[in-house]
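[1] 3D model of this:
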Amino acid sequence: MATYIIEGGSSKNFMHTKKMAFSNPEILHALLDKLTESLADYVRYQADNGAQVVQIFDSWASHLSPQDFDVFAAPYIKRIIDSVRTTHPDLPIILYISGGGGLLERMKACGPDIISFDGSVDMKDGIARVGRDVAIQVIVLGGRGWDVVECLCGVAWGTGCGVLCADECSIKCILYMPMCVCVYMASYVYMRSYTTITGQHGPRVPLRLQGLYRAAHH
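    Predicted coordinates:
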């Protein structure tokens, strides 16, 4: 949001934002501080009015170097999550950073319940990097149906729990797949999620995530 305010719209290189960050960082931090307070209040408003899960979508954080992410993004994302948890501890929070494959460990350190993997992340490598104590959201854009199955397999064998988010093209591909394959994979992922939730296999998943899996199963 800060980039849109500073640039006056979208941008390819964010020159005005970068100039502010490195020439007048106190101004940028003041803006980020205000946005953080407002966004935490907005998330609470959404939860109070029926939202069962929320996603923090940091569109352009991957344009920052890891070191700059630690200064200009991570502290504010963590503040939003921590602030919301004080009033809505059972609300699942997803963190998505477009093209954020190089920031997975830093994303996890912000404390979300669910981390998004997009096309910049290798499934096996990503799960190894974030560990099995966090759920995964898989963003599938323009993939083939079998690519979606591979993603489901990765989630099932990795954390045992996750959320699938596919675009229209991917959904159409799934619909043309044998129905038995779709049902089998969905059931398998759900079964893995259930055993993980109960603590029988793998780490115990936070209580606030259980409703998501049951809803997805039905």
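
[2] please, where are all the helices along this structure?
    2-7, 15-23, 25-48, 66-72, 74-87, 104-109, 123-130, 145-157, 168-175, 179-198, 210-217 (DSSP state H).

[3] quick one: residue 65 from residue 20, how far?
    Separation of residue 65 from residue 20 (CB to CB, to the nearest Å): 16 Å. Placement of C-beta: from N, CA and C, glycine included.

[4] the chain - how does it break down into domains?
    With domains defined by automatic domain parsing, the chain comprises 1-101, 113-218.

[5] looking at those domains, which has the lowest confidence?
    Ranked on mean pLDDT, the bottom entry among the domains of the chain is domain 113-218, at a mean of 56.

[6] and residue 21, what does it touch?
    Taking CB atoms under 8 Å, 6 or more residues apart in numbering, we find residue 21 in contact with 28, 68, 72.

[7] can we see that at 7 Å?
    Going by CB atoms under 7 Å, 6 or more residues apart in numbering, residue 21 touches 28, 72.

[8] can you check residue 129 too?
    104-105.

[9] do residue 4 as well
    Applying CB under 7 Å, 6+ apart, no residues contact residue 4.

[10] span of stretch 93-104 from start to end?
    Using CA to CA, to the nearest Å, one end of stretch 93-104 lies 15 Å from the other.

[11] oops, could you answer that again for stretch 123-138 instead?
    Per CA to CA, the first residue of stretch 123-138 is 9 Å away from its last.

[12] settle it for me: which of residue 65 and residue 20 has more neighbours?
    More neighbours surround residue 20 than the other of residue 65 and residue 20, with 18 against 11 (other CB atoms under 10 Å).

[13] give me the distance between that one and residue 130.
    From residue 20 to residue 130 the distance is 31 Å (CB to CB).

[14] over to residue 66?
    Look at residue 66 and residue 130: by CB to CB, they are 15 Å apart.

[15] those two - which one has more neighbours?
    residue 130 (20 against 11).

[16] what residues are up against the more buried one?
    Contacts of residue 130 by CB under 7 Å, 6+ apart are 104, 108, 115.

[17] any idea how far residue 69 is from the closest residue to it other than its chain neighbours?
    Closest residue in space to residue 130, ignoring its immediate chain neighbours: residue 108 at 5.0 Å, by CB to CB, 6 or more residues apart in numbering. With distances taken as CB to CB, residue 108 is found 13 Å from residue 69.

[18] those two - which one has more neighbours?
    Neighbour comparison, residue 108 and residue 69: the larger count goes to residue 69, with 22 against 16 (by other CB under 10 Å).

[19] quick check: that one touching residue 103?
    Yes: taking CB atoms under 7 Å as the definition, residue 69 is a contact partner of residue 103 at 5.9 Å.

[20] one step back: and the contacts of residue 130, which is closest to residue 52?
    Distances from residue 52 to these, taken as CB to CB, are shortest for residue 115 (18.4 Å).

[21] show me the contacts for that closest one.
    Residue 115 neighbours (CB under 7 Å, 6+ apart): 95, 104, 107-108, 130, 134, 136.
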